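In: below is the sequence, then the predicted model.
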Amino acid sequence: QVQLVESGGGLVQAGGSLRLSCTASGRTFSNYAMGWFRQAPGKERDFIATITRSGGSTNYVDSVKGRFTISRDNAKNTVYLQMNSLKPEDTAVYYCAAAGYYGSGSYYSERRYDYWGQGTQVTVSS
């Protein structure tokens, strides 16, 4: 089992920045690719970004490219999501997730991920 705990959410004005953190425990963090997803009220949970086990490769949904950066520190068992130039439409609950070696499917799909955090609320005011 892997336990994931997100932090860093909050209320910010449009144009502002937040950095989300997700700290893992339970198993070797570097064995897992990591992803960030978000769910706005009344909507499905959507992919935002993913990072490989080593941190050497990242991918993003088009709507956050150039504004959000995913990174990880395997020594600290933590993955980050730096969010800049925030917009009201970024308001959502943000989740981190961990994907093990033996799953199948796209890292853009939540079905690829084995473990999930509880989520942290991000609210962007206009």
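Out: Ah, there it is.
In: just the element for the residue positioned nearest the centre of the chain, please.
Out: By Cα atoms, centre = their mean, the chain has its centre lying nearest to residue 36, at 2.0 Å. Per DSSP states H and E, residue 36 falls inside strand 33-39.
In: ok, then the element right after that strand?
Out: Following strand 33-39 in sequence, per DSSP H and E, is strand 45-51.
In: against which helices or strands is that following strand packed?
Out: strand 33-39, strand 58-60, strand 68-73, strand 78-83 (3 or more Cβ pairs under 8 Å, 6 or more residues apart in numbering; DSSP states H and E). (C-beta placed from N, C-alpha, C; glycine too.)
In: rerun at 10 Å
Out: Contact here means 3 or more Cβ pairs under 10 Å, 6 or more residues apart in numbering; DSSP states H and E; on that basis strand 45-51 packs against strand 33-39, strand 58-60, strand 68-73, strand 78-83, strand 92-99.
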